[in-house]
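*Asks:* here's a sequence, model it:
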Amino acid sequence: MGRCRTIAVLAVMTAATALLYGVVSSRSDDGEKRLYRLDKTETIETICLENRSASLKFWKNEDQQWMVKEAGLTGDERAAAEYSAGAEKMNLLLDALSGLTVTRWLDEENPEYGLSGEGISSTVTFTTSQGNHYGFTAGNQTMTRSHVYIRDVNSGQTAITDLGAVAQLGGGVDSFRSRAVFRVDMDQIRALEYRTGQARPLILEQTGGRWQMKAPYVSPAREIEITELLSEMKDWNLCAFASSTAYSREQMGLSGGGSVLTLTDALGNTQTLEIGKPVDGLVPVRNGEKDDILLLYADEVNLEYLNADKLLFFAPLKADVDQVKGLQLEVDGTVLKFALDSEHNQFYCNGIPVDPEAFYSFYMSYMAMTAVGGDSKEPEESGAQLASLTTEYKDGSVKQVRLVQRDTDTCYMVVNNSYSGFYTSHEKLMTLISKLNRLANY
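*Replies:* Alright, predicted model coming up:
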């Protein structure tokens with residue numbers, strides 16, 4: 001009878017131990033032992049990590065982007081500093097936490113495990129979308145150096161896990177910060193806005209695959225230059241985080257009133273970058289939250305071409321030669337009329353045949369009478385007319401561009417007797433006249 005009672009007691013204890021073991025190990029359907037197990041729809045929402053380098057807190061901002069800051073600092077500007085976390089680094093950390101497996105359970109704790117005092121390498125706790133709290137402490141490596149001792153913060157159960165499972169728990173705040181300059185798809189940029197001080201902003205938008213300038217002028221924009229500019233931006237590289245230097249925000253030109261670049265990609269994602277003034281060969285750029293300040297190499301950050309006049313592409317005379325029936329030019333009182341028969345590669349000036357190669361050279365300069373700038377306000381007085389350029393198209397339409405003196409270097413472009421809002425340079429006109437003279441000598 002006593003033996004039966006003893007066996008019954010042992011059976012109850014075994015069942016209880018098995019139940020406890022099942023709860024602690026949370027054995028998954030595939031037989032893997034887990035310190036904890038998250039549901040398929042359960043996500044990690046906040047993380048607290050303390051290691052030998054720092055005490056860190058991770059959370060999601062209103063855009064569901066992970067942020068990181070140092071916890072426990074007082075009397076220090078960095079105490080309130082909040083940084084965007086690196087997406088790749090966070091994915092590795094989240095995968096490690098949500099998929100932590102146990103290699104072997106241990107019956108009791110041993111001081112050699114390093115799970116107390118100075119032996120602790122890291123302690124991580126986190127909350128989930130279902131309100132659950134999980135975490136563990138990591139201690140020393142095993143003798144084989146391929147595994148590490150851990151202890152569940154909830155149950156106190158000790159175990160061994162693969163060293164790779166805790167590899168993401170080391171490092172200070174900078175090791176978790178985003179090192180990426182851009183967070184939009186730089187291969188799919190569809191809009192760009194650039195503001196400098198009090199000047200009118202430069203606004204570019206891509207519509208139907210073509211870049212258009214929306215401000216300060218409304219005009220087509222230079223495709224090649226914009227493409228090259230965006231391509232060069234992809235080569236911007238991080239040199240250092242500003243938080244690791246002694247530069248103040250005033251020194252970096254990021255205390256307000258500086259340059260601001262806003263980019264929007266094809267998915268509608270928008271990023272704003274505040275660009276400071278160069279300091280010691282570096283350009284400070286705030287590329288996210290207020291504390292996300294990067295120092296980039298100055299020789300890589302070239303925004304010289306983010307200039308409306310350089311990206312403007314107002315070319316009223318641009319047309320394929322096959323679409324043109326004739327041209328008429330009035331320069332210095334001389335009228336020249338060109339008849340074009342591009343199908344047979346024959347061209348005439350005032351009835352006299354001209355060399356096709358020379359004509360094409362001239363026609364390139366004719367089409368190149370593009371604007372070099374714009375005036376939003378129509379001039380009150382018109383200067384002397386320097387030239388009149390008229391294109392007659394095969395469809396019967398006509399476009400006339402009169403070049404009217406603006407100043408010693410530029411002339412207004414009056415299109416079909418209406419002020420276009422743009423002006424071109426005397427240099428372009430002189431090039432055209434030079435080509436005309438050369439054409440006359442053939």
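
*Asks:* when you work out contacts or count neighbours from here on, use the C-alpha atoms and nothing else.
*Replies:* Noted.

*Asks:* who does residue 293 form a beta bridge with?
*Replies:* residue 286 (DSSP bridges).

*Asks:* residues contacting residue 187?
*Replies:* Under the criterion of CA atoms under 8 Å, 6 or more residues apart in numbering, residue 187 has no contact partners.

*Asks:* hmm, I was thinking of residue 190
*Replies:* Here residue 190 is in contact with 205, 206, 207, 263, 264, 265, 266 (criterion: CA under 8 Å, 6+ apart).

*Asks:* now, of those residues, which are buried?
*Replies:* 205, 206, 263, 264, 265 (16 or more other CA atoms under 10 Å).

*Asks:* just those residues: which are in strands?
*Replies:* Those of those mapping onto strands are 205, 206, 263, 264, 265, per DSSP state E.

*Asks:* turn the residues you listed into a markdown table, columns for pLDDT.
*Replies:* Shown next, in a markdown table, are these (pLDDT from 0 to 100):
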| residue | pLDDT |
| --- | --- |
| 205 | 98 |
| 206 | 96 |
| 263 | 98 |
| 264 | 98 |
| 265 | 97 |
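
*Asks:* which pair in these has the greatest spatial separation?
*Replies:* Using CA to CA, the two most remote members of those are 206 and 263, lying 11.8 Å apart.

*Asks:* so what sits against both of those two?
*Replies:* With CA under 8 Å, 6+ apart, residue 206 and residue 263 have common neighbours 190, 191.

*Asks:* which residue, other than its chain neighbours, is closest to residue 127?
*Replies:* residue 133 (4.6 Å; CA to CA, 6 or more residues apart in numbering).

*Asks:* neighbours of that neighbour, how many?
*Replies:* 16 (other CA atoms under 10 Å).

*Asks:* OK, contacts around it?
*Replies:* Counting by CA under 8 Å, 6+ apart, residue 133 makes contact with 125, 126, 127.

*Asks:* ok, so of the residues you listed, who is nearest residue 43?
*Replies:* The closest of the contacts of residue 133, once distances to residue 43 are taken by CA to CA, is residue 127, at 8.6 Å.

*Asks:* one step back: in TSV, list the contacts of residue 190 along with distance to residue 66.
*Replies:* Shown next, in TSV, are the contacts of residue 190 (distance: CA to CA, whole Å):
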residue	distance to residue 66
205	30
206	31
207	33
263	21
264	21
265	21
266	23
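
*Asks:* can you tell me which of the residues you listed lies closest to residue 351?
*Replies:* residue 207 (43.1 Å).

*Asks:* which SS state does the nearest residue to the closest one once chain neighbours are set aside fall under?
*Replies:* Computed as CA to CA, 6+ apart, the closest residue to residue 207 that is not its neighbour in sequence is residue 190, at 8.0 Å. Secondary structure assignment for residue 190 (DSSP: H, G, I helix; E, B strand; the rest coil): strand.

*Asks:* for residue 219, see how far away residue 190 is.
*Replies:* Counting by CA to CA, to the nearest Å, the separation of residue 190 from residue 219 is 16 Å.

*Asks:* mind listing the helices for the protein?
*Replies:* 2-25, 87-98, 173-176, 223-233, 308-311, 356-367, 426-440 (DSSP state H).

*Asks:* who wins for proximity to residue 273 among those helices?
*Replies:* helix 223-233 (12.1 Å).

*Asks:* select the helix or strand of this structure having the lowest average pLDDT value.
*Replies:* helix 2-25 (a mean of 38; mean pLDDT, DSSP states H and E).

*Asks:* need the contact list for residue 426.
*Replies:* 408, 409, 410, 411.

*Asks:* most neighbours among the residues you listed, please name it.
*Replies:* So for the contacts of residue 426 (other CA under 10 Å), the most neighbours sit at residue 411, 26 neighbours.

*Asks:* for that residue, give me the pLDDT.
*Replies:* Looking at residue 411, its pLDDT is 93.

*Asks:* cool, residue 99 as well?
*Replies:* Here, the pLDDT recorded for residue 99 equals 87.

*Asks:* what sits against it?
*Replies:* 34, 37.

*Asks:* got it, and residue 221?
*Replies:* 204, 211, 212, 213, 311, 312, 313, 314.

*Asks:* how far away is the second one from residue 413?
*Replies:* As defined by CA to CA, residue 211 lies at a distance of 22 Å from residue 413.

*Asks:* neighbour count: the two, which is higher?
*Replies:* Comparing residue 211 with residue 413 by other CA under 10 Å, the one with more neighbours is residue 413, at 29 against 22.

*Asks:* so in terms of bridging, what pairs with that one?
*Replies:* On the basis of DSSP bridges, residue 413 is bridged to residue 403.

*Asks:* okay if I get the contacts of residue 426 as TSV plus distance to residue 434?
*Replies:* Below are the contacts of residue 426 laid out as TSV (distance: CA to CA, whole Å):
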residue	distance to residue 434
408	19
409	17
410	17
411	18
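
*Asks:* okay then, goodbye and thanks.
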